[in-house]
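> When you get a sec, could you give me coordinates for this:
(2 chains)
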Amino acid sequence: MDVLSLFPAWLLEHGAAFAIVLPLLMGAITAILPSRTLAWWTAFIVTLVVTVTSFGLVLNMLSEGATIYSMGGWDPPHGISLVVDALSAPVLLLISAMAVLTVVYGMPATVAEVEPKKRAPFYAAFLICFAGLMGMVVTGDAFNVFVFLEVSSISTYALVAMGSARDRRALTASYNYLIMGSIGATFFVIGLGFLYMETGTLNMADMARILADLDGGSRVAKVAFGFIIVGLGLKLAMFPLHTWLPGAYAYAPSMMTIFLASTATKAALYLLLRFSFTIFDPSFDYVGVLMKYLLVGVGIVGMIFASLQAIFQTDVRRTLAFSSVAQVGYMLLGVGLATAAGLAAGYLHLLNHAIIKGGLFLALGAFWYRFGITRIDDFEGLSKTMPLTMAAFTVSALSLIGVPFTAGFVSKVNLATAAADKGWWWAVGVIVVTSVLAIIYMGRILLLAYFGDAPEIDGEKAKRNEAPLMMLVPMWVLAIMSIAIGSNIFNLGDNFVGAAEAAARLLLGGGA
Amino acid sequence: MSNPEQQSPDNMQDPHLILRIISKFLIPFIALFAFYVQFHGDFGPGGGFQAGVILAASVILYALIFGLDAAKKAFPPSWIRIGMTIGVLLYGGTGVLAWILGGEFLNYSVLAHDAAHGQHYGILAIELGVLTTVATVMVAIFYAFGSRQPDLQNEDW
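Predicted coordinates for the structure are as follows:
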């Protein structure tokens, strides 16, 4: 409460809009900045200010409850509203905090990976992508979601393609992502069109009210729901629609991979929750059926298949990318359970996985930065040459597997408990089996790193060559976060679980 | 691109004489019509996006008739990035101004003493921003396709 009083009242009142407008406008200014260093400082300060704002919004939400901001002074349902509630506020904080960490990391990484004259536009596109993601999460207007989705996606395509200075395959990966992403966005907007046809409004709260009055609506609403789920499924890499993801993660500049892996799919998953629970309602028969059979089905299949695919990759970035697809499966399973415990577990895994996968990709970027390593075979002896980086990688890897006292354990146990409560013991079995698969694909990397000898370069043993401090700091912040959530240091674990439970209560209509 | 005929439009042998003279005559009116659409936007159909496209169309017509090099002299590519930025800043700046004057973001009512006048000024300012960005982006797309490098060779991969 006393922390909250430190925030200026204006920031708390207008923070929801401020968090989108600041990165958007500064992104435009960064595009014409003459100096690359200045562009980095702008990106750093903007993301830091937005993080502080998001933190204020979270505190404000906890003490005052949900707030609705009317854009341009036009009240909803006619104007565009921005909603900060128990569901959106934690994701806002997550996205902005990850943005700060990636920008800090990006100082050395972009120098190595992006052409000099493209670095200022790189940060400009990054800020615009960031603004788009924040907008997707905070907006209370369904069409506005599409606009921000496109803002973030289009800048992401450009950012992924900028990896071409390092690896030309980035161009095809980006093109692939562009085609798939555009199809996803098109499906989404077609769904919105049908939904508008059914309800005659674009405001989410108003849509929910009208759909509830219509008791789920006619076939138009059903078609709308189908289109929206497929569109969002493409964006969040739901199992059979994930084919764009491994390429985009593997060949993008490493700063962008970290940001994509920890925020973009999470924002899309947030939208899936928003649409299927607060606009539509699982009590409508078609929504309930689709969630129970489709989301759980593709979630389970994705968990198994993507984990198996991760085992057979030779490139570590692709291993981690397939592991991301598998982790999305866990979240979908949590969503599909549609109980308070299941939703809370899915939401918690959304937050935790962003922290875990962010940490892993950060460490991976550092390995590339020092030794140009991306293949698993090259990990041999890395614990001798880069011990601190490898230790952070190990902590995050253990967390991904779900070892006790780490973040991954908390969310997996919650998910398994939720599945068991519903009597879905087979789902508990799948969670255990895929965790074993995770031990295999992460374990073989760790085995090589710790039990291999450092390679010889020109007849000499490779010397210790630690990652620069600006890479180590964000990496260790995430690794320590992972442990803190798992072991409940600073009450971080309780806070995360509490946030997830509050979000689940809101989704099931019990109020924040 | 650098066809000798295109670089000497006054050449009497020019087979496109009629095209050149007619479009020289038309291009100023197309640009003027863009501004008509822009300022008519708050009374009827029209607005910044359409106006921007029409303005860009006048540049594109010029490039089609007189060649890309001449168009790049008339509308330098260096304007593009600046124009895109200025447009966004005009739009966003209107919102920021509304913030400074104590309203919500993009609440034009606070821009003037009378709320209706404020709405009027606000919409004109943001539409001008849209015009600037749309026109420059349209020209940017045309330049990007028009001055495309030859295809990648196999050994570049």
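> and residue A:83, how many neighbours?
23 (other CB atoms under 10 Å in any protein chain shown). Every residue, glycine included, has its C-beta placed from N, CA and C.
> Torsion angles phi and psi at it?
Reported as degrees, to the nearest 10, the phi and psi values for residue A:83 are phi -120, psi 120.
> And for residue A:420?
When read as degrees, to the nearest 10, the backbone of residue A:420 gives phi -70, psi -40.
> Please apply the same query to residue A:456.
Main-chain torsions, residue A:456, degrees, to the nearest 10: phi -100, psi 130.
> and if you look at residue A:70?
phi -100, psi 120.
> Nearest residue to it in space, please, no chain neighbours.
In space, and not counting its chain neighbours, residue A:70 is closest to residue A:79: 5.3 Å by CB to CB, 6 or more residues apart in numbering or on different chains.
> Contact residues of the stretch 101-250 of chain A facing chain B?
residue A:168 (CB under 8 Å from any CB of the partner chain).
> In the stretch 101-250 of chain A, which residue sits closest to chain B?
residue A:168 (5.3 Å; CB to the nearest CB).
> how many neighbours does that residue have?
Residue A:168, neighbours per other CB under 10 Å, totals 14.
> So which residues of chain B form helices?
With DSSP state H as the criterion, chain B has helices at B:4-7, B:17-40, B:48-66, B:68-74, B:78-100, B:115-146.
> Deepest-packed of those helices, please.
helix B:48-66 (a mean of 21; mean count of other CB atoms under 10 Å in any protein chain shown).
> Give me the angle between that one and helix B:17-40.
With axes from the mean of the first three to the mean of the last three CA atoms, to 10 degrees defining the directions, helix B:48-66 sits at 170 degrees from helix B:17-40.
> what's the residue nearest to residue A:70 sitting at in phi/psi?
phi -90, psi 180.
> Now do the contacts for residue A:349.
If a contact means CB atoms under 8 Å, 6 or more residues apart in numbering or on different chains, then residue A:349 has A:327, A:330-331, A:334, A:411-412, A:415 as its contacts.
> Over to it: give its phi and psi.
phi -70, psi -30.
> Tell me how many other residues crowd the closest residue to it other than its chain neighbours.
Leaving out its chain neighbours, the residue that sits closest to residue A:349 by CB to CB, 6+ apart is residue A:411, at 3.9 Å. Residue A:411 has 32 neighbours, counted by other CB under 10 Å.
> For residue A:411, give its distance to chain B.
With the distance defined as CB to the nearest CB, to the nearest Å, residue A:411 ends up 36 Å from chain B.
> any idea which helix or strand carries that residue?
helix A:407-421 (DSSP states H and E).
> Skipping its backbone neighbours, what lies nearest residue A:161 in space?
residue A:174 is the one closest to residue A:161 (CB to CB, 6+ apart), at 3.8 Å.
> Need the three-state assignment for that neighbour.
helix (DSSP: H, G, I helix; E, B strand; the rest coil).
> And residue A:466, how far from residue A:111?
Here the distance between residue A:466 and residue A:111 works out to 17 Å (CB to CB, to the nearest Å).
> Contact distance from chain A - what residues of chain B qualify?
Neighbours of chain A within chain B, by CB under 8 Å from any CB: B:81-82, B:84-85, B:88-89, B:92-93, B:95-96, B:98-99, B:103-109, B:156-157.
> right, and the residue nearest to residue A:349 touches residue A:348 too?
Yes - assessed by CB atoms under 8 Å, residue A:411 is found in contact with residue A:348 at 4.6 Å.
> Just give the number of residues close to the residue of chain A found nearest chain B.
The minimum distance from chain A to chain B, using CB to the nearest CB, falls at residue A:73 (3.6 Å). When neighbours are counted by other CB under 10 Å, residue A:73 registers 17.
> nearest spatial neighbour of it, skipping sequence neighbours?
residue B:107 (3.6 Å).
> With residue A:463 instead?
Nearest to residue A:463 is residue A:385, by CB to CB, 6+ apart, at 7.0 Å.
> so how many other residues sit close to the one you found?
The local packing of residue A:385 (other CB under 10 Å) involves 22 other residues.
> do residue A:408 as well
By the criterion of other CB under 10 Å, residue A:408 has 28 neighbours.
> My guess is it contacts residue A:354. True?
No - taking CB under 8 Å as the definition, residue A:408 is not a contact partner of residue A:354, at 11.9 Å.
> rewinding a little: contacting residues for the residue nearest to residue A:70?
Residue A:79 sits in contact with A:70-73, where contact means CB under 8 Å, 6+ apart.
> go with 7 Å
A:70-72 (CB atoms under 7 Å, 6 or more residues apart in numbering or on different chains).
> Can you name the residue of chain B nearest chain A?
For chain B, CB to the nearest CB, closest residue to chain A: residue B:107, 3.6 Å.
> mind listing what that residue touches?
Applying CB under 7 Å, 6+ apart, we find residue B:107 in contact with A:72-73, B:98.
> Now the helices of chain B in a markdown table, please, with extra columns for mean pLDDT.
Formatted as a markdown table, these follow (pLDDT from 0 to 100):
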| stretch | mean pLDDT |
| --- | --- |
| helix B:4-7 | 49 |
| helix B:17-40 | 90 |
| helix B:48-66 | 91 |
| helix B:68-74 | 88 |
| helix B:78-100 | 89 |
| helix B:115-146 | 89 |
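> Tell me which of those lies nearest to residue A:178.
helix B:115-146 (15.2 Å; CB to CB).
> so what does the closest one touch, helix or strand wise?
helix B:48-66, helix B:78-100 (3 or more CB pairs under 7 Å, 6 or more residues apart in numbering or on different chains; DSSP states H and E).
> what's the helix or strand hosting residue A:159 in contact with?
Per DSSP H and E: residue A:159 is located in helix A:142-161. Residues from elsewhere that reach helix A:142-161 (CB under 7 Å, 6+ apart): A:80, A:122, A:125-126, A:128-129, A:131-133, A:135-136, A:139, A:170-171, A:173-174, A:177-178, A:181, A:185, A:188-189, A:192, A:195, A:202, A:204, A:207, A:248, A:252, A:256, A:260, A:264, A:271.
> cool, and stretch A:393-404?
Contacts for stretch A:393-404 (CB under 7 Å, 6+ apart): A:323, A:356, A:359-360, A:363, A:406-409, A:412, A:435, A:438-439, A:442, A:446, A:478-479, A:482-483, A:486.
> buried set for it?
A:393-403 (16 or more other CB atoms under 10 Å in any protein chain shown).
> What about the residues you listed, which are in helices?
Those of the buried residues of stretch A:393-404 mapping onto helices are A:393-401, per DSSP H.
> can you redo these as TSV with distance to residue A:300 and pLDDT?
Converted to TSV, those look like this (distance: CB to CB, whole Å; pLDDT from 0 to 100):
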residue	distance to residue A:300	pLDDT
A:393	28	91
A:394	29	91
A:395	28	92
A:396	25	92
A:397	23	92
A:398	24	92
A:399	22	92
A:400	19	91
A:401	19	90
